[in-house]
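**Q** Just a sequence and a predicted model for now, questions to come.
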Amino acid sequence: MRHIEYMMKKLKETENEVKYLSGTNKDDMVNSPAHYNKAGIETIDMIESVTGDGFEAYLQGNILKYLCRYKYKNGAEDLEKAKWYLNRLIKTIGENKDGI
């Protein structure tokens with residue numbers, strides 16, 4: 001990830017955390033759930049750093065999990081989560097293809 005992209009991501013995370021802590025923003029259970037962002041570290045970023053080549057398989061597993069359970073658990077929210085993981089997989093594949 002390029003430095004500017006990283007800094008923009010961190011800025012957005014900080015803004016979301018401030019909104020969440022101030023009570024002005026309801027917790028976004030799809031894009032940035034508070035329980036996955038402690039001390040400014042997104043759990044997904046940590047998982048990516050430790051899984052290496054296995055990260056794509058991790059993303060695929062989560063896509064399937066949310067697609068399979070949406071009818072029985074959280075409905076549209078699970079479909080949004082599957083979409084989030086699919087978008088992350090698309091981005092990851094694009095980064096790997098471009099050698100970034």
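**A** Done, it's in. Residues are numbered from 1 along each chain as shown.
**Q** which sections of this protein are below the confidence cut-off?
**A** For the chain, the stretches with pLDDT under 70 are 1-3, 7-8, 11, 13-27, 32-39, 98-100.
**Q** which other residues reach the longest helix seen in the chain?
**A** Counting by DSSP state H, the longest helix found in the chain is helix 76-98. Contacts with helix 76-98, where a contact means C-beta atoms under 8 Å, 6 or more residues apart in numbering, come from 1, 29-31, 44, 48, 55-56, 59-60, 62-63, 66-67, 69-70, 74. To be clear about C-beta, it is placed using only N, CA and C from the backbone, and glycine gets the same treatment.
**Q** all strands of this protein, in order?
**A** 37-38, 41-42 (DSSP state E).
**Q** now the helices for this protein?
**A** 3-22, 43-51, 55-69, 76-98.
**Q** Roughly how far does Glu42 sit from Thr51?
**A** 14 Å (C-beta to C-beta, to the nearest Å).
**Q** burial count for Tyr66?
**A** By other C-beta atoms under 10 Å, the residues close to Tyr66 number 22.
**Q** which one is it nearest to, not counting chain neighbours?
**A** When the adjacent residues along the chain are set aside, Tyr66 lies closest to Ala82, with 3.7 Å between them (C-beta to C-beta, 6 or more residues apart in numbering).
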